[in-house]
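1. what follows is a predicted structure for the sequence shown.
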Amino acid sequence: MPKHAVEEEHPELKHPSTKRAKKVDADTPMSNLIEALDSQESVDEVKNVIHWFRSKDLRIQDNKALHNASLLAKEKSKPLICVYVYSPAEFEWHGTSPARSDLIVETLRLMQKELKDLDIPFVFVNAEARKDIVPGIVDFIKSNNASHVFANFEYEVDELRRDIKVLEQLSNEVQFNLYHDQIIVEPGTITTGSGKPMKVFTPYHKTWLGIIKDDPSLLDTVPPPSKNVKSVDVKIASPDVPPVPKSKRFDSQDTRERIRALWPAGHSAGISRLHHFIHNKIEDYASTRSNPAKDSSSRLSAYFSSGTISVREALSALLTYNSNSADFSSSGASPGVASWVREICFRECYRQMMVVIPHNAMNLPQNLKFNFVQWEKDEEGWEKWKKGETGVPFIDAGMRQLNTEAYMHNRLRMNVSSYLYCNLLIDYRRGERYFAETLVDWDLCNNTQGWEPSYTVFNPVSQAEKNDPEGEYIRKWVPELRGVEGKAVFSPHDRLPEAEFEKLGYPRPHVDWRETKERCMQRFKTDMAGVEP
Ligand SMILES: Cc1cc2nc3c(=O)[nH]c(=O)nc-3n(C[C@H](O)[C@H](O)[C@H](O)COP(=O)(O)OP(=O)(O)OC[C@H]3O[C@@H](n4cnc5c(N)ncnc54)[C@H](O)[C@@H]3O)c2cc1C
């Protein structure tokens, strides 16, 4: 199917041309924003102070911008006001899942209570359409007589451009201060010998570990805001926590309860999960993290992606656990600790990549050549993939976990993505979007880079044999296969006599793995040969 047709049917997958992408990369929104911030005139007279929460820093503890906003308000005896811009269209635009939407709204509710105890008003500006976001927040800032606005950086293109527009419209009357709060090491600052931002993980990881070891103060956390010294009458915003947008509500009360039990909202829920992980699970992490049946990872991604807990809080707790040493390399920490911190570093590296290769946030692959692949229109395969009915047990188990828990084990994310765009040859962007629409932990940086197409075609049968050797994970999620014994569970269609297979009520494989691997290799090779993005 020609690419333009994919976009016609799926407008949410629209993207600029690769030529345009290269222009964006050459003059990044991040550098434009930094330039605009640096050229602000400082505003000396402090009036009201505002902290603007975004969907990635939803906590009052260890929140850098909020902390600095509070310091200024306290020093000048001025009130601090907190605001969140609620835009149902923004949830739609990003394809935010019901699970993540609900987690965000519940977290806002809990934060409002915490802030109320500190006499800090937390209000909501409504921006029905995305185009209303900038005028809405600017109007709010001006109407509330604010002189200083604080917020934390978001690293995706649209969000960086939004902040540039806000700055322009504040036109030097209000000082806008942005902080790097999502990460330990500022994105873009880890460079190669020639001074270019590092884009390869292994050397990035090595440098990143060294920076933290040399300066453990990077892990220091900051306290929550102080109590407001002055009350304030907040204008043009609502004190009512917004509802989850209609299109994002759970399909039933049962689903809501199940998801909320798995992902309880709020900072203290995240912190107790962190401590439980460090004190009970981290030592086995390195040896068991790839086995989905062991479920031995932290399950903290939903908390990190919404900023309900900070990475500094996680690593400072780990520093204490690691005998007060900030050496998280394999020679300074146990295999479990070193291996978990490596994943945190992946998260940081992906933020650096997003800042330096911004086109990646625009529905385009990092390697732009993949944009020239002609994908298949296999609607039957697509439906089977989504439902977990491809006839490949490891893939189906992963997709069923996703549909039930709004979460999928990392090993499965790697396998189901490869299966979709390599074996089914379906545009990887559709899978990426389905993840956004389903995951509780959706994070644009991690998701787009997790979905970055490559030539590696995972074999879901050998992957299952290696990582789920007893077939426990498959049997848990694919009940049709619970009674299948031994290695047949990994590939029942090929390993059971036909009559026995038929009795299972489990689908036949939608495609032949080997043939489709060949097709994929051929397609990638032909479609990318000689292209110049
Ligand atoms: C196709 C694909 C899509 C993905 N989409 C997302 C997404 O939308 N949101 C998301 O947070 N992660 C995503 N990941 C990364 C990873 O699968 C999840 O972060 C992890 O499974 C979450 O489980 P955990 O919290 O128990 O992780 P742990 O293993 O306990 O790791 C700790 C933290 O490190 C970070 N992390 C772990 N693995 C990775 C990784 N491979 N890349 C970047 N950061 C990582 C996460 O913040 C995670 O919470 C994706 C991976 C792939 C292959």
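-> Cool, the structure landed. Numbering: from 1, shown residues only.

2. for Leu364, what are its contacts?
-> Each residue near Leu364 by C-beta atoms under 8 Å, 6 or more residues apart in numbering is listed here: His15, Pro16, Thr18, Ala21, Asn371. All C-beta spots, glycine's among them, are computed from the backbone N, C-alpha and C.

3. before we move on, what about Ser417?
-> Ser417 neighbours (C-beta under 8 Å, 6+ apart): Tyr428, Gly431, Glu432, Gly450, Trp451.

4. which one among those residues gets closest to the ligand?
-> For the contacts of Ser417, the residue nearest the ligand by C-beta to the nearest ligand atom is Gly450; the value is 2.4 Å.

5. and the closest one, what does it touch?
-> Arg413, Met414, Ser417.

6. next: Pro16.
-> By C-beta under 8 Å, 6+ apart, the contact set of Pro16 is Val24, His359, Met362, Leu364.

7. dump the residues you listed to JSON lines, plus distance to the ligand and secondary structure.
-> Output for the contacts of Pro16, formatted as JSON lines (distance: C-beta to the nearest ligand atom, whole Å; DSSP: H, G, I helix; E, B strand; the rest coil):
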{"residue": "Val24", "distance to the ligand": "22", "secondary structure": "helix"}
{"residue": "His359", "distance to the ligand": "18", "secondary structure": "helix"}
{"residue": "Met362", "distance to the ligand": "17", "secondary structure": "coil"}
{"residue": "Leu364", "distance to the ligand": "16", "secondary structure": "coil"}
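
8. how about the contacts of Leu364, which pair is most distant?
-> The most widely separated members of the contacts of Leu364, counting by C-beta to C-beta, are Pro16 and Asn371 (10.2 Å).

9. report the mean confidence score over the host helix or strand of Phe124.
-> Assigned by DSSP states H and E, Phe124 falls within strand 122-126. Mean pLDDT, computed over strand 122-126, is 98.

10. what helices or strands is the very next helix or strand once past that strand leaning on?
-> Sequence-wise, the next helix or strand downstream of strand 122-126 (DSSP H and E) is helix 133-143. Here helix 133-143 touches strand 48-53, strand 80-86, strand 122-126, helix 157-170, going by 3 or more C-beta pairs under 8 Å, 6 or more residues apart in numbering; DSSP states H and E.

11. and helix 133-143, what's buried?
-> Judged by neighbour count (16 or more other C-beta atoms under 10 Å), helix 133-143 contains these buried residues: Ile133, Val134, Gly136, Ile137, Val138, Asp139, Phe140, Ile141.

12. in a helix, Leu178, correct?
-> No - counting by DSSP: H, G, I helix; E, B strand; the rest coil, Leu178 is not part of a helix but strand.

13. now do whatever helix or strand Ala317 lives in: which elements does it pack against?
-> Secondary structure assigned from DSSP H and E places Ala317 in helix 311-321. Contact partners of helix 311-321 among helices and strands, from 3+ C-beta pairs under 8 Å, 6+ apart: helix 267-280, helix 335-356.

14. now the longest one: mean pLDDT?
-> In this model, helix 335-356 carries a mean pLDDT of 98.

15. could you check the angle helix 157-170 makes with it?
-> In terms of direction (axes from the mean of the first three to the mean of the last three C-alpha atoms, to 10 degrees), helix 335-356 departs from helix 157-170 by 60 degrees.

16. and the angle for helix 335-356 with helix 267-280?
-> Counting by the same axes, to 10 degrees, helix 335-356 lies at 140 degrees to helix 267-280.

17. hang on, the earlier thing: check the offset of the helix holding Ala317 from the chain's centre.
-> Offset of helix 311-321 from its chain centre (C-alpha atoms, centre = their mean, to the nearest Å): 20 Å.

18. need the contact list for the residue lying closest to Arg161 once chain neighbours are set aside.
-> Leaving aside its chain neighbours, Arg161 sits nearest to Pro29 (5.4 Å; criterion: C-beta to C-beta, 6 or more residues apart in numbering). By C-beta under 8 Å, 6+ apart, the residues touching Pro29 are Val157, Leu160, Arg161, Ile164, Pro358.

19. before we move on, what about Thr448?
-> Residues in contact with Thr448 (C-beta under 8 Å, 6+ apart) are Met354, Asn360, Ala361, Glu432.
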